[in-house]
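*Asks:* fold the following for me, if possible:
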Amino acid sequence: MAKAIHMMIRVLDEQRSVDFYSRAFGLTVAQRLDFESFTLVYLRNAENDFEVELTINKDRSEPYEHGDGYGHVAFTVDDLDAEHARFEAAGLNPRKLVDFAPGGPGTPPIARFFFVADPDGYQIEVLQRAGRYQ
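*Replies:* The predicted structure follows:
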């Protein structure tokens, strides 16, 4: 059986990205591998072993284009309202809270979430831990 271990994104500024993921999600550097032309930084927290891999290409000075292929990565939290308020207080610019109820008004939502963008513009969904979103 396969096991998901990390997602990789290319970032322009290592410290700016490490700071964002630390402040937003409590991820810390698990390992940093420095090579001649690029650096890999693996971030994780105590919640599980899945990691965010930051790739920093040393010759890159322009922001990356995401094109139309990137969607988002998602994190779950125990208290979405408290996390949204924390993101706002930390100046992380979360978007509005959404109660996603595709059945229409009066039907229970299947998810509660908000989105936030990291310093390189990657979209991140933050979901209330419930139902299938554990």
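*Asks:* okay, how far is it across stretch 73-92, tip to tip?
*Replies:* Terminal residues of stretch 73-92 lie 16 Å apart, using C-alpha to C-alpha, to the nearest Å.
*Asks:* mind listing what's buried along the longest strand seen in the chain?
*Replies:* For the chain, the longest strand by residue count, based on DSSP state E, is strand 48-57. Neighbour-count burial for strand 48-57 flags Glu51, Val52, Glu53, Leu54, Ile56 (criterion: 16 or more other C-beta atoms under 10 Å). Placement of C-beta: from N, CA and C, glycine included.
*Asks:* parallel or antiparallel, which strands does it pair with?
*Replies:* Strand pairing for strand 48-57, using DSSP bridges, gives strand 6-10 (parallel), strand 38-45 (antiparallel).
*Asks:* put the alpha carbons of the lengthiest helix in the chain into PDB.
*Replies:* For the chain, the helix that runs over the most residues, judged by DSSP state H, is helix 14-25. C-alpha atoms of helix 14-25 as PDB (Å, rounded to 0.1, in the frame of the first residue of the first chain):
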ATOM      1  CA  GLU A  14      13.400  30.200   1.900                       C
ATOM      2  CA  GLN A  15      13.200  32.200   5.200                       C
ATOM      3  CA  ARG A  16      10.000  33.900   4.200                       C
ATOM      4  CA  SER A  17       8.300  30.600   3.500                       C
ATOM      5  CA  VAL A  18       9.700  28.800   6.600                       C
ATOM      6  CA  ASP A  19       8.400  31.700   8.700                       C
ATOM      7  CA  PHE A  20       4.900  31.600   7.000                       C
ATOM      8  CA  TYR A  21       4.500  27.800   7.500                       C
ATOM      9  CA  SER A  22       5.700  28.000  11.100                       C
ATOM     10  CA  ARG A  23       3.400  30.800  12.000                       C
ATOM     11  CA  ALA A  24       0.400  29.500  10.100                       C
ATOM     12  CA  PHE A  25       0.600  25.700  10.700                       C
END
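*Asks:* many thanks, I have nothing further to ask.
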